[in-house]
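# no sequence for this one, just the structure:
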Ligand code: SF4
């Protein structure tokens with residue numbers, strides 16, 4: 001097990017929820033403490049908040065539109081469903097450091113059935129539309145799976161839906177829970193990949209080799225696999241290191257069978273950049289702290305547009321050599337960059353439909 005919490009804090013009344021029971025079976029030796037619903041566990045410093053696990057009900061909606069739906073960006077109509085909040089890993093560039101800075105307790109939500117009912121209502125209201133729904137926005141989709149067994153509730157649910165695909169996006173190799181489930185073409189497991197120099201700042205995650213071994217295992221078990229090169233970071237020798245990572249990925253999984261690829265350059269808000277630069281510099285390569293970034297129209301900082309286009313074109317060419325027909329999209333980029341890098345600017349609807357089709361083709 002890659003992550004074991006130091007303690008599990010369970011909201012009183014949720015002890016018999018499916019998630020609490022699955023967790024108790026998996027980590028019987030970890031101390032459990034109950035808390036009253038009206039008394040949320042006290043907030044602790046962000047790094048400490050990742051060590052213990054809170055199990056509690058989620059109050060409010062589970063589903064939301066991905067933030068790439070911001071005006072001015074080409075969007076793939078992705079929906080995110082939040083069954084967890086925060087992540088036991090600690091990537092130096094992670095936006096959760098800022099986004100959850102005042103509410104950082106690592107949490108898995110126990111009322112999974114309410115989230116699934118909410119998804120069900122959306123799917124049945126639009127039966128002719130295909131949805132792609134991911135759990136990896138406010139959390140890594142599989143980092144807690146060996147502890148909570150959440151995928152045992154999600155994969156069978158989506159296997160029975162005709163108009164949705166679930167994406168489990170991860171930097172872990174925690175796939176054991178998936179292997180005896182039948183995804184029925186409705187769950188894609190995807191990995192974020194970075195060259196080794198960059199992955200060195202993704203503390204606690206599986207190595208790139210371990211991620212790819214896990215990808216090969218789930219592919220054999222009948223899942224489609226996706227790959228995200230995100231965040232793409234310019235560094236000395238980036239052409240060689242990104243080519244090597246793609247070659248390794250294609251050796252692990254037949255590129256013609258990949259459900260989708262996405263490319264996204266390093267991006268952060270000015271306040272996240274301050275936070276990243278303020279981190280203690282223990283990394284062997286401090287590229288996230290040193291990156292030279294300029295503001296874009298959406299207020300986020302990225303490397304300048306000409307360099308982003310050059311990097312995208314380089315990677316697109318490499319991917320297309322091996323996977324000429326796989327869906328490929330740019331994450332959080334505007335029409336100008338799409339036009340120059342991809343020679344097209346798809347509508348949100350077309351791009352969404354194209355990507356979701358990759359799960360089944
Ligand atoms: S794996 Fe994802 S969610 Fe977890 S720390 Fe890294 S970037 Fe953040």
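Nice, I can see it. Quantities reported herein were computed from a predicted structural model and do not represent experimental measurements.

# which residues touch the residue nearest to residue 57 when sequence neighbours are not counted?
The shortest distance from residue 57 to any non-neighbouring residue, by Cβ to Cβ, 6 or more residues apart in numbering, is to residue 111 (4.8 Å). Quick note: C-beta positions are derived from backbone N, CA and C, even for glycine. Residue 111 sits next to 14, 17, 57-58 when contact means Cβ atoms under 8 Å, 6 or more residues apart in numbering.

# how about 10 Å then?
With contact set as Cβ atoms under 10 Å, 6 or more residues apart in numbering, residue 111 has these partners: 14, 17-19, 56-59, 62, 83, 117.

# separation between it and residue 117?
Residue 111 sits 9 Å away from residue 117, going by Cβ to Cβ, to the nearest Å.

# now do residue 305
From residue 305 to residue 117 the distance is 43 Å (Cβ to Cβ).

# If you count surrounding residues, which of these two has more?
residue 305 (17 against 11; other Cβ atoms under 10 Å).

# Can you tell me the element the nearest residue to the more buried one once chain neighbours are set aside falls in?
Leaving aside its chain neighbours, residue 305 sits nearest to residue 337 (6.3 Å; criterion: Cβ to Cβ, 6+ apart). Assigned by DSSP states H and E, residue 337 belongs to helix 335-342.

# Of all the residues in that helix, which ones are buried?
Residues 337-338, 340-342 are the ones in helix 335-342 that count as buried (16 or more other Cβ atoms under 10 Å).

# Looking at those, spot the one nearest the ligand.
residue 337 (22.3 Å; Cβ to the nearest ligand atom).

# Pretty sure the closest one sits against residue 304.
No. Residue 337 lies out of contact with residue 304 (Cβ atoms under 10 Å); the separation is 11.1 Å.

# Find the closest residue to the ligand in the stretch 151-300 of the chain.
For the stretch 151-300 of the chain, Cβ to the nearest ligand atom, closest residue to the ligand: residue 171, 4.3 Å.

# And that residue, how far from residue 303?
For residue 171, the distance to residue 303 - Cβ to Cβ - is 22 Å.

# Would you mind confirming that residue 331 makes contact with residue 74?
Yes. Using Cβ under 10 Å, residue 331 is in contact with residue 74, at 9.4 Å.

# still on that earlier bit, for residue 171 and residue 303, indicate the residue with more neighbours.
Set side by side, residue 171 and residue 303 show more neighbours around residue 171, with 26 against 19, by other Cβ under 10 Å.

# Which residue lies closest in space to that one, excluding its sequence neighbours?
residue 205 (4.0 Å).

# tell me the contacts of that neighbour?
2, 87-91, 140, 143, 170-173, 192, 194, 199, 211.

# Now intersect the contacts of residue 111 with the strands, please.
Among the contacts of residue 111, the members found in strands (DSSP state E) are residue 56.

# buried ones in the longest helix seen in the chain?
Assignment by DSSP state H gives helix 305-322 as the longest helix of the chain. For helix 305-322, the neighbour count (16+ other Cβ under 10 Å) marks 305, 308-309, 311-312, 314-316, 318-319 as buried.

# partners of the very next helix or strand once past it in the sheet?
Later in the chain than helix 305-322, the nearest helix or strand by DSSP H and E is strand 328-330. The pairing partners recorded for strand 328-330 under DSSP bridges are strand 258-265 (parallel).

# Could you check how far the partner strand is from the centre of its chain?
Its chain's C-alpha centre and that of strand 258-265 lie 12 Å apart, by Cα atoms, centre = their mean, to the nearest Å.

# And stretch 19-31, by the same measure?
For stretch 19-31 - counting by Cα atoms, centre = their mean - the centre lies 24 Å from the chain centre.

# again, but for stretch 318-334
On Cα atoms, centre = their mean, the centre of stretch 318-334 falls 18 Å from the chain's centre.
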